[in-house]
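**Student:** prediction below, plus the sequence it came from.
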Amino acid sequence: MAQQGLKVGAFVMPQASYLFNSQDIDLGDDLHRIELLGGMAGGVMVGYNFNDIVGVRANVIYSSEGGRYSTRRDISTRNNYTTRLEYLKIPLMVGGNTSTLNRKVVFSLYGGVQLDFLTRANRYNDNPAFEAPAPENVNNIPSTSETMAAFNYSAVGDVGVDIYLTPDAVLNLHIRGDYGLADSENKDASLKVREGGVTSDVKFWDYTRGAAAIAETHSLNVGLLIGVTYTLGQ
């Protein structure tokens with residue numbers, strides 16, 4: 001199972017996602033309980049191993065992720081609120097694998113940085129009958145995409161096993177995770193509020209949380225990567 005050389009591959013990745021903000025968490029379980037949000041990602045890989053062990057990897061990934069929380073409606077039921085975000089991600093990683101000599105399975109570990117470009121965003125409540133309308137004195141409410149940062153950067157890690165299929169191909173079974181290092185929210189997004197005959201701009205997240213939104217929101221995504229990688233030119 002020769003490992004040195006140019007690598008190409010493709011993969012899919014079911015994943016779980018979270019959005020964390022300390023102000024939301026401080027509201028307590030009745031008003032803000034963080035829930036797991038399922039999603040899918042997939043993409044292609046290109047890389048190069050300098051020898052049988054050490055290499056670099058670059059990916060292009062399309063990821064459906066975001067965050068979900070629930071609030072208590074009554075003693076037995078909760079309202080669920082979802083922020084669904086779709087990103088084009090470009091991670092660059094360095095790492096390596098165990099020796100491939102006379103082995104059918106090798107272990108690999110990679111880590112690095114990732115650029116995240118927001119392509120689409122949607123926010124919804126699975127109990128719309130309980131969604132209060134915006135007050136009449138509030139308008140120019142920004143879209144979900146406008147309230148989220150258009151660009152982010154993350155730390156990314158990838159650990160798993162590669163299983164021999166042919167002399168030039170392996171099956172990848174990896175756990176991959178990324179953590180957003182910058183604020184996932186656009187704290188500059190604003191709406192207009194009219195009070196006492198005067199209209200003023202109010203920051204969207206200040207208005208939503210009822211306080212100065214100084215706390216950053218960070219994302220966390222963990223998934224099971226299933227793919228196939230080919231070594232070219234062997």
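**Tutor:** Now that the structure is in, tell me what you want to look at. In this text, all values refer to a predicted model and were calculated from it rather than measured experimentally. Residues are numbered from 1 along each chain as shown.

**Student:** residue 39 pairs with what?
**Tutor:** residue 15 (DSSP bridges).

**Student:** okay, it: pLDDT?
**Tutor:** Predicted confidence (pLDDT) for residue 39: 96.

**Student:** same check on residue 118?
**Tutor:** On the pLDDT scale, residue 118 gets 98.

**Student:** same question, residue 34
**Tutor:** pLDDT at residue 34 comes out at 89.

**Student:** distance of it from residue 158?
**Tutor:** 25 Å (Cβ to Cβ, to the nearest Å). C-betas here are computed from N, CA, C, even on glycine.

**Student:** looking at these two, which has the bigger crowd around it?
**Tutor:** residue 158 (21 against 16; other Cβ atoms under 10 Å).

**Student:** helix or strand for the nearest residue to residue 35 once chain neighbours are set aside, which one?
**Tutor:** Spatially, and ignoring its direct neighbours in sequence, residue 35 is nearest to residue 68 (4.3 Å; Cβ to Cβ, 6 or more residues apart in numbering). Per DSSP states H and E, residue 68 falls inside strand 54-72.

**Student:** name the strands paired with that strand and say parallel or antiparallel.
**Tutor:** In the sheet, strand 54-72 lines up with strand 33-35 (antiparallel), strand 37-49 (antiparallel), strand 78-97 (antiparallel) (DSSP bridges).

**Student:** least confident of the ones you listed, on average?
**Tutor:** strand 33-35 (a mean of 89).

**Student:** any idea how far that strand is from the chain center?
**Tutor:** 16 Å (Cα atoms, centre = their mean, to the nearest Å).

**Student:** cool, and stretch 134-141?
**Tutor:** The answer for stretch 134-141 is 30 Å, by Cα atoms, centre = their mean.

**Student:** touching, residue 54 and residue 96? I think so.
**Tutor:** Yes: with contact defined as Cβ atoms under 8 Å, residue 54 counts as touching residue 96 (4.5 Å).

**Student:** tell me which other helices or strands the lengthiest helix in the chain touches.
**Tutor:** When the chain is parsed with DSSP state H, its longest helix is helix 204-209. The helices and strands touching helix 204-209, judged by 3 or more Cβ pairs under 8 Å, 6 or more residues apart in numbering; DSSP states H and E, are strand 190-195.

**Student:** direction included, what does the strand it packs on pair up with?
**Tutor:** For strand 190-195, using DSSP bridges, the partner strands are strand 138-139 (antiparallel), strand 198-203 (antiparallel).

**Student:** looking at those, which is closest to residue 41?
**Tutor:** strand 198-203 (31.2 Å; Cβ to Cβ).

**Student:** which other residues reach the closest one?
**Tutor:** Residues outside strand 198-203 that contact it (Cβ atoms under 8 Å, 6 or more residues apart in numbering) are 187, 188, 189, 190, 191, 192, 193, 194, 213.

**Student:** would you put the C-alpha positions of that strand in PDB?
**Tutor:** Provided in PDB are the C-alpha atoms of strand 198-203 (Å, rounded to 0.1, in the frame of the first residue of the first chain):
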ATOM      1  CA  VAL A 198     -37.900  59.100  16.200                       C
ATOM      2  CA  THR A 199     -36.400  56.300  14.100                       C
ATOM      3  CA  SER A 200     -33.000  54.900  15.100                       C
ATOM      4  CA  ASP A 201     -30.800  52.100  14.100                       C
ATOM      5  CA  VAL A 202     -30.400  49.300  16.700                       C
ATOM      6  CA  LYS A 203     -28.000  46.500  16.500                       C
END
